[in-house]
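1. Sequence and predicted structure below; questions after.
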Amino acid sequence: QVQLVESGGGLVQAGGSLRLSCAASGRTLSSYNMGWFRQAPGKERDFAALISWNGGNTRYADSVKGRFTISRDNTKNTVYLQMNSLKQEDTAVYYCATTRSWNTIAEAYGSWGQGTQVTVSS
């Protein structure tokens, strides 16, 4: 079983940037595709970004395309989400998760981290 821990969240002004990290232990991440999801208060958990096991392919939600970049370093067993040009509507708890699919629905993902809060102020 793989354990995931997200970090890097915080409070940032609109237009600013944050980089989230997702560190794994217990098992190597290199055998998984990895996704980032986010959940705003009172809303469902939504897909944000997905990266293939070797970093060669990525996929983004339309709402973050062009602003967010997902990457990974398998030597560090870590996945990243660089978030630029942040908007208030990006405010949410951000989660990373493992999958062996190329699916964007949460049910396709296995292990999840505990989440990190991102708050974007006006």
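-> Received it, and whenever you're ready, just let me know what you need.
2. The residue nearest in space to the middle of the chain sits in which helix or strand?
-> Nearest residue to the geometric centre of the chain (CA atoms, centre = their mean): residue 36, 2.5 Å. Assigned by DSSP states H and E, residue 36 falls within strand 33-39.
3. and residue 59, what is it in contact with?
-> 49-51, 102, 104 (CB atoms under 8 Å, 6 or more residues apart in numbering). Every C-beta, even on glycine, is put in place using the N, C-alpha and C of the backbone.
4. Select only the buried ones of those in ChimeraX?
-> Buried residues among the contacts of residue 59 (16 or more other CB atoms under 10 Å), as a ChimeraX selection:
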select :49,50,51,104
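5. of the contacts of residue 59, closest to residue 65?
-> Nearest to residue 65 out of the contacts of residue 59 is residue 49 (CB to CB; 9.0 Å).
6. Would you mind checking the average pLDDT for the strand or helix carrying that closest one?
-> Per DSSP H and E, residue 49 falls inside strand 45-51. Summarised as a single mean, pLDDT over strand 45-51 is 98.
7. thinking again about what came up before, with distance to residue 77 as extra columns, can I get the contacts of residue 59 in JSON lines?
-> Shown next, in JSON lines, are the contacts of residue 59 (distance: CB to CB, whole Å):
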{"residue": "49", "distance to residue 77": "18"}
{"residue": "50", "distance to residue 77": "18"}
{"residue": "51", "distance to residue 77": "14"}
{"residue": "102", "distance to residue 77": "21"}
{"residue": "104", "distance to residue 77": "23"}
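8. ok, the contacts of residue 59 vs residue 89, which is closest?
-> Nearest to residue 89 among those: residue 49, at 15.9 Å, using CB to CB.
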